[in-house]
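Novice: Below are the sequence and a predicted model for it; my questions follow.
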Amino acid sequence: MGADLITFICVGPKKLTLSEARRRKVVRDVVIHRRKVLERACRDLAKTRRLSKERLQQCPDYEDVLAQFLRDECNGEEILPCLTVEEINYTLEHLVDLWNGGNVARDQSYRFWKNRRIVVAGEMSWGDEPEGYGYQLLKRAQVMGLLDALGIE
C-alpha cells in the first residue's frame, strides 16, 4: 500500500478568451446543465422512494433530502441546488485565469500539444481527494458543467 497520484486532466484550446456575449452564453449553459441534473436527481430519488416526483417535491425536507442524494449518488453535484450566477461567474473567472496561465496553482501544470493545451492538476494522496487549488477548481468547474460549456474535455 502506498500513496497514489490523483489528478484531473483536461484538454482544450490553447487560450480561453471570453467576450461578454460568450460569457453570458456559458453562464446560461451552466444554468441549463444545473436544471437538467436536478431534474434527473429528483426523478431518480422519487424512483428510489417509490413516490411521484410531485409528491416528493411537496415533502417539507425535500431540499435537504435532494442535497443528500446528490452528495451520495451524483459525484459531488451537491453544490448544484444552491448555485448562484455570482458563483458561476466567480468560478468562470478563476478558471479562465488558471487556464491561461495567469494564476498557476502549486498543484497544476500545463503543456501544449497540437495547438491544444493540456492542464493537469493533482497531488499525491493516501486515498483522500486532493485539496490543491487547481484540482478543486477543475473539479468544481466540471461538476458545474463549465468545462463542457467552454469546449474543454
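Specialist: Done, it's in.

Novice: Can you name the element that comes right after the longest helix along the chain?
Specialist: In the chain, with assignment by DSSP state H, the single longest helix is helix 20-49. Counting by DSSP states H and E, the next helix or strand C-terminal to helix 20-49 is helix 53-57.

Novice: how about that following helix: buried residues?
Specialist: Across helix 53-57, burial judged by 16 or more other C-beta atoms under 10 Å covers Leu56. (Each C-beta comes from the backbone N, C-alpha and C, glycine too.)

Novice: Can I get that helix as PDB, trimmed to CA atoms?
Specialist: Taking Å, rounded to 0.1, in the frame of the first residue of the first chain, the C-alpha atoms of helix 53-57 are listed here in PDB:
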ATOM      1  CA  LYS A  53     -41.900  13.400  -8.400                       C
ATOM      2  CA  GLU A  54     -44.700  15.900  -7.500                       C
ATOM      3  CA  ARG A  55     -45.300  14.100  -4.200                       C
ATOM      4  CA  LEU A  56     -41.600  14.100  -3.400                       C
ATOM      5  CA  GLN A  57     -41.300  17.800  -4.100                       C
END
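
Novice: Can you name every helix or strand that that helix contacts?
Specialist: helix 20-49 (3 or more C-beta pairs under 8 Å, 6 or more residues apart in numbering; DSSP states H and E).

Novice: Return the distance of stretch 4-12 from the chain's centre.
Specialist: 14 Å (C-alpha atoms, centre = their mean, to the nearest Å).

Novice: Other residues contacting that stretch?
Specialist: With C-beta atoms under 8 Å, 6 or more residues apart in numbering as the contact definition, stretch 4-12 has outside contacts at 99, 116-127, 129-130, 134-135, 138-139, 142, 147, 150-153.
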